[in-house]
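In: Provided below are the primary sequence and the corresponding predicted coordinates.
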Amino acid sequence: MDVLSAPYVLEYTYQRSTGPVIGRFLTALRDGRLEGVRTTTGRVLMPPLEYDPATGEATGEPVPLPPDGVVTTWAWVATPRPGHPLDRPFAWALIRIDGADTAMLHAVDAGAADAMRTGMRVTARWRAERTGSILDLACFVPVAGEAP
Amino acid sequence: MRDVAIIAFAQLPAVRRDTEREEVELVQPVVTAALAQAGLDRRDVGFTISGSCDYLLGRPFSFVAALDAVAPWPPIAESHVEMDGAWALYEAWARLQCGDVDTALIYAYGKSSLGELPDVLVQQLDPYYLAPLGADAISLAALQARALLDSGRADERRLAAVAARSRRAAAANPCAQRRSRREVDELLAEPYLVAPLRKHDCPPISDGACAVVLAAGDVARRLVPRPAWIRGIDHRIEPHQLGHRDLTRSPSTAEAAARAGAGPDAAPFDLVELHAPFSHQELILRDALGLPTDDGTADGIDDGDGGDGPAINPSGGALAANPMMVAGLTRLGEAAARLMAGDGRRALAHATSGPCLQQNLVCVLETDGGAP
Amino acid sequence: MSDDAPDAAATAAPVTMVPSHVRLTYTVTAGRHLSSYLRALADRRIVGGRCPVCTKVYLPARGACPTCGVPADQPVEVADRGTVTTFCVIRIPFEAAPFPPPYVAVAILLDGADMPIFHLVRGIAPEEARMGMRVQARWVADDQLGPTLASIRWFELSGEPDAAYETYANHL
C-alpha cells in the first residue's frame, strides 16, 4: 500500500507578555545594558527570574551588571542550524556575568573551537538595532588578549 | 499502600521513519499485545492513560486521534499526560492506590520523523531566554557533557564506552534501532556532531510506541505467574534554566531514588534500565544512583552482563532507540519484562524528561521473593 | 525588522511584550487506512472499512474500531448516494469558505456505511434543507480527480423520496 503524505506547516504568531521582571531585563537589553536581579538571600540571578528557584520567594531589585563574564561550559557547533544565533561555526556557552551567581546561555563568536576553553573571559557584542529581545545580544566574543 | 505490579509490556520495533502508520495504527498493535499478555479484554481495564506530545505530531490534542485503539465506546476512564509515558504510569499507579479499580493500561507513542525534531524540542524551552536562541537539545546536552568532562569525572573514551556497550546490548534486542556493533576506538575516530558529543553519544531519532499493564494485589497474582511489583516510585524536578543547576550532577534523580527505596543503603539490583538519551548522562545518573561508574575494566565501564554489579541497560537503552515520549516508559517495561521472564528478581528503572536531565523518575521493581 | 523599527517614543516605553513566533514544518502521513480511502476517491469510488467484530462499516477505514479496538479495515465499497442525517446553514463568510454564503453543510449516511461523512449540498435553498433528504454525489471532472474528498464537488438531491427517520436514527 502506497501511503499518502503531505507537507504541513504549523505556525503560531503569538505575542507573549513579559511580566515586570523579564520586561525590565529586556528593556535594559534594548538600552544596551545587562541587568540581573537580587534574591532575598542576596544572590544575583542572571538572567533574572521572577522567583528564586531556591526559595520560591519573589526576587527584588535589579542589579546593574557589566557586559563581561566567564565561560563555565561550552559546546562547539561546526554546522549551525537555521534558527541558531550565528550562521557560521560558533560556540554555545553558559556565561557567568561578573557579579552574578548564575550563568546564562548564549553564543560565542570565537572563530574556531581551539579558541574556546572553560574559564575564558568574554564580552557582549550588541546588535545595532535592538528591539527588547535576548537576541539584542548578537553574541559574546572572547576578550582581547584571551589566548587559550 | 496497595501492592501494584507491572504485568505486561509490549513495544513496536523502533525505526527512523515509520511511513506506514499514523497514531492509532502505532498504538493499536501494542495495546492489543499488552492486554493479551495480561489476559485482559479492553473492557476489563479500570483506568487508561497515555503519554504523547502534540508538537511531535504537529496537531493539537493529538492524543484524541489514538483513542480508538483502546475502544473508548462505551465511555472509559481515561487520562493523558503531555510527557513521557513513564509519568503516565506514575499517574496510573497513584490512581490504583484509590482502591476502586484494579487494572490500568498505559501507552505512549511518538513519531519524531514527521517534523524537525531539533526544532520541535526547542518548543520545550523557556520562551524568553532560551527558545529565541534556537538552542537545540543536542547543543544543550553538549554543554552538559563538557561540564562533566571538565569536572574530571569522565573522558571522551568513557562516553564512547557507554555507546559501545549500548550497541552490544542492543544487538540482542529486536526492538532496538541502532544495533551495529562498534568498538570504542572506532567511535572515537568519528567527527564531532556538537563537540564534545559525537553522533554515537546522541540518541537516534525514532518512531515507536509501547504499552504497559498494571494490576493491583490479588488481581495481578491471578493474571500472571510473576508480577513485577512496584516497590517504590517517585519523580523530582529541577529548575529549568541550565545556569541555575550543577549540570554534572542529578540531585533530582538521587532524591527520587531515595524516596523510591533505591537510596545509598538499598539492596543491590540485578538489572538497571536508565533513560539516558546521551552517553554522558548515563554516567551522571549512575553517580546519582550510587551505581558503580568504573568497574576496573579497560574501558572503565562494565559490560552490562552482570558481573559484580547490576546489568546496566540490557536493552541497549535510549542510545539504541529513542522514540520521544516512549523511551522512558520503555525502560520501566523492559526492566519489568526481564523480571517477569525470570532474568533477575530486583530491578531499578529510570525515566527522564526535559533538557539535560531536568526531571527524573525512579522506580524499584521486584518479583516475589525478590525482597532482601 | 523595518516594520517594527521603534520610533523614539516606543523606544522609551518599557518592554512588555515580545514576539513568540513558532513555525514548524512537517511531512504528515495519512497512514494505511486513510490512504486507502483517499486513493479510492481518485478513482470515483468510496471505500470504507468493516470492523470484523461488530461489522460496522466506517468511512474512512480506521486503525481501530472505537467500540471493539481492532482494525476496521475489511474493504467495503459503499454507494455515492445516501441520506442526510443532519445539516446546518453557513451564513457567515470566512476565508476558507468554499462558496459565498448561505450554503448547506450536511452529514450524509452513504448507502452501505454506518458512519456519516461531512460534505456540502448544492441546488437547494437553505430553508429547504432537512434531515432525511436523499442526495447523490456530484464528482469533479476526470482530470480533476485526486486522493481527496474534494473529488466530490458537492452532493445534490437525488430525486428519491426522503428517507424515514427510523432508517438513520441509529447513525446520528
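Out: Received it, and whenever you're ready, just let me know what you need.

In: all contacts plus neighbour counts: C-alpha atoms, from now on.
Out: Fine.

In: So which residues of chain A form strands?
Out: Ranges of strands within chain A are A:5-17, A:34-38, A:44-45, A:62-65, A:68-77, A:90-97, A:104-108, A:121-126, A:137-142, based on DSSP state E.

In: Would you indicate which residues of stretch B:156-165 are buried?
Out: Buried residues in stretch B:156-165, counting neighbours by 16 or more other C-alpha atoms under 10 Å in any protein chain shown, are found at B:156, B:158-165.

In: from these, which ones fall inside helices?
Out: Counted as lying in helices by DSSP state H, out of these, are B:156, B:158-165.

In: tell me which of those is nearest to chain A?
Out: Nearest to chain A among those: residue B:156, at 13.8 Å, using C-alpha to the nearest C-alpha.

In: how many neighbours does whatever residue of the stretch 251-372 of chain B ends up closest to chain C have?
Out: Residue nearest to chain C within the stretch 251-372 of chain B: residue B:324 (15.9 Å; C-alpha to the nearest C-alpha). Neighbourhood size, residue B:324 [other C-alpha atoms under 10 Å in any protein chain shown]: 28.

In: Hmm, it is touching residue B:84, no?
Out: Yes. Using C-alpha atoms under 8 Å, residue B:324 is in contact with residue B:84, at 7.2 Å.

In: returning to what we had before: quick check: which of the strands of chain A is nearest to residue B:339?
Out: strand A:68-77 (39.8 Å; C-alpha to C-alpha).

In: Does chain B have contacts with the closest one?
Out: Yes. Counting by C-alpha under 8 Å from any C-alpha of the partner chain, contacts between strand A:68-77 and chain B involve A:72-77.

In: wait, what's in contact with residue 137?
Out: All of this is about chain A. Residue A:137 sits next to A:29, A:124-127 when contact means C-alpha atoms under 8 Å, 6 or more residues apart in numbering or on different chains.

In: not quite, I wanted chain C
Out: Residue C:137 makes contact with C:80-81, C:152-156, according to C-alpha under 8 Å, 6+ apart.

In: circling back to that earlier point, looking at the ones in helices among the buried residues of stretch B:156-165, which one is closest to chain C?
Out: Distances from chain C to these, taken by C-alpha to the nearest C-alpha, are shortest for residue B:163, at 29.9 Å.

In: which strand is the longest one in chain C?
Out: Assignment by DSSP E; longest strand in chain C turns out to be strand C:17-29.

In: tell me the mean pLDDT over that one?
Out: Regarding strand C:17-29, the rounded mean pLDDT is 94.

In: before we move on, what about stretch A:91-98?
Out: Stretch A:91-98 comes out at a mean pLDDT of 98.

In: for stretch B:217-236, same thing?
Out: Average pLDDT, stretch B:217-236: 98.

In: got it, and stretch C:36-47?
Out: For stretch C:36-47, the per-residue pLDDT averages 97.

In: From start to finish, how long is that stretch in a straight line?
Out: 8 Å (C-alpha to C-alpha, to the nearest Å).

In: do stretch B:222-230 as well
Out: 17 Å.

In: Stretch B:248-267 too?
Out: 26 Å.

In: Return the residues in contact with residue C:112.
Out: Per C-alpha under 8 Å, 6+ apart, neighbours of residue C:112: C:57, C:77-79.
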